[in-house]
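> when you get a sec, could you give me coordinates for this:
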Amino acid sequence: MPLRKLPPLPVSVKVFYGVGELAAAVPASLSAFFVLYFFTTVAGLSPALAGAVLLFGRVWDAINDPLIGWLSDRTQSPLGRRYPWMLGGVIPLAICSVLLWTVPPFPTQMGVFAYYIVLSIFAFAAFTAVQLPYTALAAELADDYDERTDLIGMKAAFSIGGSIAALLMAQAVFARVADPARQFFILGALSASLAVVIIGLCVVGTYRRYWQVQRGRPRLVTAAETPALLNQLRSVFSNGAFRQILGLYLCGWMSVQVTAAMLPYFVGGWMGLPATHFAQMALAVQGTAIAMLWGWDWVAKRTGKRTVFLMGAPLAAIALGGLATVQPGQVVWMYTLGVIAGIGVATLYVIPFAMLPDVVDLDELNTGLRREGLYFSALVFLQKLGLALALFISGQVLSATGYLATAETQPAAALNAIRLLIGPLPALLLGVGLWFCYRYPITRDRHQQILLALTAQRQQRLDAEAASGSDAPAPGV
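Take a look at the predicted model:
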């Protein structure tokens with residue numbers, strides 16, 4: 001029988017898919033903005049030990065990200081490949097979100113350090129079990145080049161919205177609770193509760209569309225013919241287009257996370273401003289980014305995904321580099337650069353994840369395998385690795401330059417390091433990311449050719465099964 005054309009992607013599915021991002025975005029944003037500060041100032045770890053905890057978690061991620069991606073690709077269940085992982089991982093994620101922001105009752109730094117090392121093993125595994133299958137779901141809800149941009153744009157809007165929500169939550173809690181340890185415990189409990197509700201909404205809102213897509217994707221390779229994990233990893237990383245996305249995303253995401261980690265130190269230590277300006281500066285960047293998502297989506301539909309990043313990332317690089325020129329008292333100039341940075345940062349939230357489903361299609365054309373889990377696991381890992389490296393580098397540099405959380409005045413070396421880390425280093429990383437983006441080869445026309453060839457292969461598979469009278473497994477299970 002002929003393959004049926006998919007109906008247009010409903011707005012409701014885009015919204016429910018985007019909502020799912022909050023389950024990861026809120027705890028991840030709290031971590032990005034506050035975890036280094038929490039570890040050093042509230043939990044009592046030295047900056048070096050705090051950075052080591054975060055780096056250890058990402059080393060563990062190097063193992064569990066591709067493993068969970070591979071396992072979710074191979075999952076067979078009545079709920080499909082991704083939903084069992086999302087539903088099974090959200091409760092452990094909620095528990096770990098509370099424990100992360102709990103100061104353990106250990107009298108020594110090494111005891112506290114050991115607590116967070118052990119916790120990180122469970123926390124990062126639970127986070128991956130939810131975030132990775134959720135992210136890979138984007139490639140299974142739409143085939144169209146522009147619909148995928150819409151879908152990832154909605155995800156990005158909720159990702160930035162989650163960052164803003166996390167900051168607003170923090171401001172509200174900080175204003176009402178005086179004890180720092182109690183403040184962060186409450187934030188952890190709030191983010192945990194939100195994650196459970198959000199994942200339930202995402203599953204309910206996207207479930208029907210998921211199965212519509214799966215019915216139009218007969219397997220080109222059976223489960224018995226699927227290569228082992230290590231062979232698949234070698235195959236995935238041999239994909240040239242995929243390597244360009246990896247370089248683009250790692251450089252871009254690290255640049256944003258270094259800036260986010262340094263922002264509290266820059267606002268307080270260098271600018272001499274009260275803590276409220278930190279949240280307001282972060283909101284200026286994130287608020288501008290979320291407002292620009294629809295503008296960049298409009299540009300993408302008239303040009304292409306690569307063009308959008310090549311236009312937006314230089315704006316972010318210039319603005320971030322300019323932060324190093326801001327002097328104490330130049331508050332308006334600081335906020336102006338924050339707004340300009342937000343215009344460019346918006347493209348980083350959308351473009352790499354919008355490009356990746358097209359690479360998955362190319363991979364299926366070449367290998368017959370649908371490996372969303374493995375491909376998206378690499379980006380999810382890089383997202384977390386970028387955050388960890390940013391915090392590790394920041395912690396080590398602050399420690400080496402004599403930064404002390406309890407000091408009223410910081411050494412000149414520490415202040416200069418803060419200025420270097422918040423601006424010039426992120427700008428340089430974005431410049432490298434632009435080079436990777438320029439080399440990305442899949443245009444709109446090339447993707448259309450890939451889809452036509454894939455449709456022909458799938459139709460041949462259906463015709464062969466009909467001729468042989470075989471009972472193919474239900475799509476997606």
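> report the buried residues of the helix or strand harbouring residue 128.
Taking DSSP states H and E as the criterion, residue 128 maps to helix 109-136. Buried residues in helix 109-136, defined by neighbour count with 16 or more other Cβ atoms under 10 Å: 112-113, 115-116, 119-120, 123-136. Every residue, glycine included, has its C-beta placed from N, CA and C.
> chain center to stretch 162-179, what's the gap?
22 Å (Cα atoms, centre = their mean, to the nearest Å).
> equivalent analysis for stretch 125-142, please.
That offset, for stretch 125-142, works out to 11 Å (Cα atoms, centre = their mean).
> same check on stretch 269-278?
27 Å.
> hmm, who's touching that stretch?
Residues outside stretch 269-278 that contact it (Cβ atoms under 8 Å, 6 or more residues apart in numbering): 171, 174, 263-264, 267-268, 326, 328, 331, 334, 403, 410, 414-415, 418-419.
> nearest spatial neighbour of residue 340, chain-adjacent residues omitted?
Closest residue to residue 340 apart from its sequence neighbours, by Cβ to Cβ, 6 or more residues apart in numbering: residue 319 at 3.9 Å.
> and the host helix or strand of that neighbour, what's buried?
Element membership of residue 319 [criterion: DSSP H and E] is helix 305-322. The neighbour-count check on helix 305-322 (16+ other Cβ under 10 Å) flags 305-306, 308-310, 312-313, 315-317, 319-322 as buried.
> now stretch 299-306
For stretch 299-306, using 16+ other Cβ under 10 Å, the buried residues are 299-300, 304-306.
> which elements pack onto the helix holding residue 128?
helix 22-30, helix 47-74, helix 83-100, helix 180-215, helix 372-400 (3 or more Cβ pairs under 8 Å, 6 or more residues apart in numbering; DSSP states H and E).
> tell me what angle that helix forms with helix 180-215.
30 degrees (axes from the mean of the first three to the mean of the last three Cα atoms, to 10 degrees).
> what is the orientation angle of the helix or strand where residue 285 lies with helix 305-322?
Element membership for residue 285 (DSSP H and E) is helix 276-302. Here helix 276-302 points in a direction 160 degrees away from that of helix 305-322 (the same axes, to 10 degrees).
> would you mark the buried spots in helix 276-302?
Buried residues in helix 276-302, counted by 16+ other Cβ under 10 Å: 277-290, 292-293, 296-297, 299-300.
> kindly report the same for stretch 63-72.
For stretch 63-72, by 16+ other Cβ under 10 Å, it's 64-72.
> could you list the residues in contact with it?
81-82, 85, 124-125, 128-129, 132-133, 136, 229, 232-233, 373-378, 380-381, 384.
> mind doing that once more with 7 Å?
For stretch 63-72, the surrounding residues in contact (Cβ atoms under 7 Å, 6 or more residues apart in numbering) are 81-82, 85, 124-125, 128-129, 132-133, 136, 229, 232-233, 373-374, 376-377, 380-381.
> off-centre distance for it?
That offset, for stretch 63-72, works out to 16 Å (Cα atoms, centre = their mean).
> and if you look at stretch 197-215?
Centroid separation for stretch 197-215 versus its chain: 20 Å, with Cα atoms, centre = their mean.
> pull out the buried residues from it.
198-199, 202-203, 205-206, 209-210, 213-214.
> of the buried residues of helix 305-322, which pair is most distant in space?
Spatially, the most separated pair among the buried residues of helix 305-322 is 305 and 322, at 26.7 Å (Cβ to Cβ).
> tally of neighbours for residue 362?
With neighbours defined by other Cβ atoms under 10 Å, the count for residue 362 comes to 22.
> re the thing from before, report the mean confidence score over the helix holding residue 128.
Averaging pLDDT along helix 109-136 yields 90.
> go on, stretch 375-389?
72.
> starting at the chain centroid, how far to the helix or strand of the chain with the lowest mean pLDDT?
In the chain, no helix or strand scores lower on mean pLDDT, DSSP states H and E than helix 372-400, which sits at a mean of 76. Relative to the chain's own centre, helix 372-400 is displaced by 10 Å; criterion: Cα atoms, centre = their mean.
> next one: stretch 183-193
20 Å.
> now do stretch 97-108
The mean C-alpha position of stretch 97-108 is separated from the chain mean by 25 Å, Cα atoms, centre = their mean.
> show me what counts as buried in it.
Buried-residue list, stretch 97-108, by 16+ other Cβ under 10 Å: 97-101, 103.
> now do stretch 145-154
145, 147-154.
> TSV for those, including pLDDT?
Output for the buried residues of stretch 145-154, formatted as TSV (pLDDT from 0 to 100):
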residue	pLDDT
145	81
147	85
148	84
149	85
150	86
151	87
152	86
153	86
154	89
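> and the residues you listed, which is closest to residue 23?
Distance to residue 23, by Cβ to Cβ, is smallest for residue 154 among these, at 14.6 Å.
> contacts only, for the closest one.
14-15, 17-18.
> mind checking how far it is from residue 361?
Going from residue 154 to residue 361 by Cβ to Cβ, to the nearest Å gives 20 Å.
> over to residue 11?
Using Cβ to Cβ, residue 11 is found at 23 Å from residue 361.
> compare neighbour counts for the two and give me the winner.
With neighbours defined as other Cβ under 10 Å, residue 11 and residue 361 compare such that residue 361 has more, 21 against 10.
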